[in-house]
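Chemist: give me a model of this one.
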Amino acid sequence: MATCDADGIPRTEPNILLTGTPGTGKTTLGQEVAQHLGMRYINVGDVAKDKELYEGWDAEYQCPILDEDKVIDEMDDLVSQGGCVIDYHSCEFFPERWFDLIFVLRTDNSILYTRLEQRGYVGRKLQDNIQCEIFQTILEEAVNSYLPSIVYELQSNTPDDMEKNIDIITQHLQSWKNSKR
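Modeler: Predicted coordinates for the structure are as follows:
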């Protein structure tokens, strides 16, 4: 699928989606990648919070329910320009045309469990997120929602992994740019 801006003109700068179970390191990696590559970093959760893009409250998980249509409306013009690193723990509701590269971060379950506990996740919220990682739910969602050829799985357990992932993303970005010449 061609990736174009709002006027249908092919983008010269790609958009990257970093997705994965909460606690896999999307925000840290996303900020580093954006800075390293001179791209715009967008944390979807922060946009939703700043603009109050919610449709209710989930009492069981103790978190707001994202209004996906409002998020898309809010972000569409900016993302259509290209040059964005987008960070969110889900991906299937975003328009396919938004992304040129998608990286799904994966973390060993014991490491993820500790990270989520440190964030205050307990009970069902903790268990459901661990099961999501065990069953590769986000990876499957990405592969089923976008061209499998633009979806990449990255391990995210250690600081060394983050450095490797920055290099891998940089290489894929360069390949994308070279293919557009």
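Chemist: what's in contact with the longest helix along the chain?
Modeler: Secondary structure of the chain per DSSP state H: the longest helix is helix 159-179. Around helix 159-179, the neighbours that count as contacts under Cβ atoms under 8 Å, 6 or more residues apart in numbering are 14, 16, 25, 28-29, 32-33, 36-37, 100-101, 103, 105, 152, 154-156. Every C-beta, even on glycine, is put in place using the N, C-alpha and C of the backbone.
Chemist: residue 180: neighbouring residues, count only.
Modeler: As a burial measure, residue 180 scores 13 neighbours (other Cβ atoms under 10 Å).
Chemist: run through the residues that contact it.
Modeler: Here residue 180 is in contact with 10, 12 (Cβ under 8 Å, 6+ apart).
Chemist: about what we covered before: ChimeraX command to pick out the buried ones of the contacts of helix 159-179?
Modeler: With 16 or more other Cβ atoms under 10 Å as the criterion, this ChimeraX line picks the buried residues out of the contacts of helix 159-179:
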select :14,16,25,29,32,33,37,100,101,103,105,152,154,155,156
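Chemist: distance of residue 49 from residue 35?
Modeler: Distance, residue 49 to residue 35, by Cβ to Cβ, to the nearest Å: 22 Å.
Chemist: and residue 134, by the same measure?
Modeler: Residue 134 sits at a distance of 32 Å from residue 35 (criterion: Cβ to Cβ).
Chemist: for residue 65, give the beta-bridge partners.
Modeler: Under the criterion DSSP bridges, residue 65 forms beta bridges with residue 56.
Chemist: circling back: check which residues of the longest helix of the chain are buried.
Modeler: Within helix 159-179, the residues that qualify as buried by neighbour count (16+ other Cβ under 10 Å) are 161-162, 165-166, 169, 172-173, 176.
Chemist: no further queries at this time; thank you.
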